[in-house]
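S.K.: Give me coordinates for this.
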Amino acid sequence: MVLALCTAFALSQAYRTVGAIMAGPLQAEFRLSAQALGLFSGAFHFAFGAMQLFMGIGIDLHGVRRTVLTAFPLAIAGGVISALSTSFGLVIAGQVLIGIGCAPAFLVCTVFIARHFPATSFASVSGLVLGIGGVGMLVTGTPLAWLVDAYSWRTGFWALAAASALAWLSILAMVREPASEGAATPRESPIAALRRFGALFAMPHTLGIMVLGAVTYAAFISLRGLWLGPLLMERHGYSLVQSGNVALAVSVISLLGPPLFGRLDRGGPVRRRRILTCCGIYAALFAAIGLFHAAWIDVGCAIVIGLLSGFIVWQYADVRGAYPAALTGRAMAVFTMAMFLGVALMQWLTGVAASVAQAHGMEPYAVVLGGIALLLVAGCAAFAWLPAPVGAVEPGK
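M.R.: Residues are numbered from 1 along each chain as shown. This is a model prediction of the structure:
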């Protein structure tokens, strides 16, 4: 059942990283600015993030299976609309529908794991799921680049829509939830369920967790899902397929990171200190891509970033341990919302930064990658110095 749920998550990963390959063809067909490309990639993530609270409520009230089966057809519809688009506005509308449809894709996996696996296995199983779901990013490397190069970007969306339909059918056929699930407690009304989210925001340690959560995954997806392809083609003269090969390499290595870091999890204050250490190295790698213009540095740092991004599974484990069991599903929903609203905001901001840099005769990718590094440093500072969960030692104190 976990593997079946992973199929929707894998398609979600594919959709959120299509920009790295489709940015060039879309830019050429619709004459888009760098800022418009940021809007294209950000639309998916904004819709995805904005729906997390509602998907969390849906899971609590109606279960994992019903929630994902109800939402995911919108992703199929969004893929079809994108493929048929005759204007940039329709492409954006398709991205919004895809984002809403994919909104429960990872959340259902984490809640299913939290409900059906022991707490000691949460980090390792979640890491495995992240690794399996990352297969979707492999599709948007060389395979998608070849498909787009041989046919068109529209063919790419048709292929993703067809794969999404197959994923929906696999969940329909394979996922079953125990009849007793949710029977032990009375069912809340949607309004009461929404109000209970307020308990999370009232906790002083929530802010630091969410601020860091909003920048770590956003940094990786902004690189892999939007700027990597244009950077390699414009800065180093790579072809679309060559850029796809690099994106594929980054995606493959990123599959290894979550299971590896999940097995290395130690919990408690040690975990929080390790999160900060990894985030500092992460920021330095982004800064290096921005500062140095050698192809081997850019490619090498991107690959290391792909591996190091696995430390994000520690952040999910940190959330799992920072809240009482009754709030686990909602805490995961709020954290996932912070992550993907962070992706939308970062991609929009970096699109604006790239446009401003170009208007002033500056190399846009240096500004974009340097800005991402600064945002990561700010996230580290918030995580370190804002209140930590009760019983954890605040890093830096």
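S.K.: ok, residues contacting the lowest-mean-pLDDT helix or strand in the chain?
M.R.: Every helix and strand of the chain was ranked by mean pLDDT, DSSP states H and E. The lowest is helix 190-202, at a mean of 73. With contacts defined as Cβ atoms under 8 Å, 6 or more residues apart in numbering, helix 190-202 is touched by 53, 56-57, 60-61, 188, 206, 323, 327, 330-331, 333-334. C-beta here means a position set from N, CA and C on the backbone, and glycine is covered the same way.
S.K.: one more time with 10 Å, if that's ok
M.R.: 53-54, 56-58, 60-61, 187-189, 206-207, 209-210, 319, 322-324, 326-327, 330-331, 333-335, 337 (Cβ atoms under 10 Å, 6 or more residues apart in numbering).
S.K.: And Ile209, its phi and psi?
M.R.: phi -60, psi -40 (degrees, to the nearest 10).
S.K.: ok, now which ones touch it?
M.R.: Residues in contact with Ile209 (Cβ under 10 Å, 6+ apart) are 200, 203, 272, 275, 315, 318-319, 322-323, 331, 334-335, 338, 382-383, 386-389.
S.K.: redo that, cut-off 6 Å
M.R.: If you count contacts by Cβ atoms under 6 Å, 6 or more residues apart in numbering, Ile209 has none.
S.K.: how far away is it from Trp314?
M.R.: 12 Å (Cβ to Cβ, to the nearest Å).
S.K.: And the pLDDT for Arg224?
M.R.: Per-residue confidence (pLDDT) for Arg224: 85.
S.K.: For it, which residues are in contact?
M.R.: 17, 250.
S.K.: Number of residues surrounding the closest residue to Phe292 other than its chain neighbours?
M.R.: Spatially, and ignoring its direct neighbours in sequence, Phe292 is nearest to Asp298 (7.5 Å; Cβ to Cβ, 6 or more residues apart in numbering). Using other Cβ atoms under 10 Å, Asp298 has 22 neighbouring residues.
S.K.: now Met210
M.R.: 23.
S.K.: helix, strand or coil for it?
M.R.: helix (DSSP: H, G, I helix; E, B strand; the rest coil).
S.K.: out of everything not next to it in sequence, what's closest to it?
M.R.: If the residues on either side of it in the chain are set aside, Met210 comes closest to Ala338, at 4.1 Å by Cβ to Cβ, 6+ apart.
S.K.: Over to Ile281?
M.R.: That would be Leu308: by Cβ to Cβ, 6+ apart, it lies 6.4 Å from Ile281.
S.K.: Equivalent analysis for Phe286, please.
M.R.: Of all residues not flanking Phe286 in the chain, Ala373 sits nearest, at 4.2 Å (Cβ to Cβ, 6+ apart).
S.K.: give the contact list for that neighbour.
M.R.: Here Ala373 is in contact with 283, 286-287 (criterion: Cβ under 6 Å, 6+ apart).
S.K.: between those, which has the most around it?
M.R.: Phe286 (26 neighbours).
S.K.: Looks like that one contacts Ile372 (just checking).
M.R.: Yes - with contacts counted by Cβ atoms under 6 Å, Phe286 reaches Ile372, the gap being 4.8 Å.
S.K.: what helix or strand is Thr216 on?
M.R.: helix 206-222 (DSSP states H and E).
S.K.: what comes up buried for that helix?
M.R.: Using 16 or more other Cβ atoms under 10 Å as the test for burial, helix 206-222 gives 206, 208-222.
S.K.: Which one of those residues is nearest to Ala302?
M.R.: When these are ranked by distance to Ala302 (Cβ to Cβ), Phe220 comes first, at 9.7 Å.
S.K.: Contacts only, for that closest one.
M.R.: Ser309.
S.K.: looking just at contacts, which helices and strands does the one helix or strand Ala353 maps to meet?
M.R.: Per DSSP H and E: Ala353 is located in helix 328-359. Packing partners of helix 328-359 (3 or more Cβ pairs under 6 Å, 6 or more residues apart in numbering; DSSP states H and E): helix 34-50, helix 52-62, helix 105-116, helix 190-202, helix 206-222, helix 364-385.
S.K.: Going by neighbour count, list what's buried in that helix.
M.R.: 328-355, 357.
S.K.: How about stretch 141-153?
M.R.: Here stretch 141-153 shows 141-148, 153 as buried, counting by 16+ other Cβ under 10 Å.
S.K.: Show the model's pLDDT score for Ser189.
M.R.: Confidence at Ser189, expressed as pLDDT, is 66.
S.K.: got any ranges where the stretch 151-300 of the chain has weak pLDDT?
M.R.: 178-190, 193-194 (pLDDT under 70).
S.K.: And the helices in it, which stretches?
M.R.: For the stretch 151-300 of the chain, applying DSSP state H, counting those that start in this stretch gives helices covering 153-174, 190-202, 206-222, 228-236, 240-263, 268-291, 295-308.
S.K.: what's Gln315 in contact with, if anything?
M.R.: Gly213.
S.K.: tell me the SS of it?
M.R.: Put simply, Gln315 is helix when judged by three-state DSSP.
S.K.: Over to the one 3 residues further on?
M.R.: Per three-state DSSP, the secondary structure class of Asp318 is helix.
S.K.: for it, what are its contacts?
M.R.: Counting by Cβ under 6 Å, 6+ apart, Asp318 has no contacts.
S.K.: How about Ala317?
M.R.: Residues in contact with Ala317 (Cβ under 6 Å, 6+ apart) are 123, 265.
S.K.: and it, what pLDDT?
M.R.: 86.
S.K.: Could you check how far it is from Ala103?
M.R.: 22 Å.
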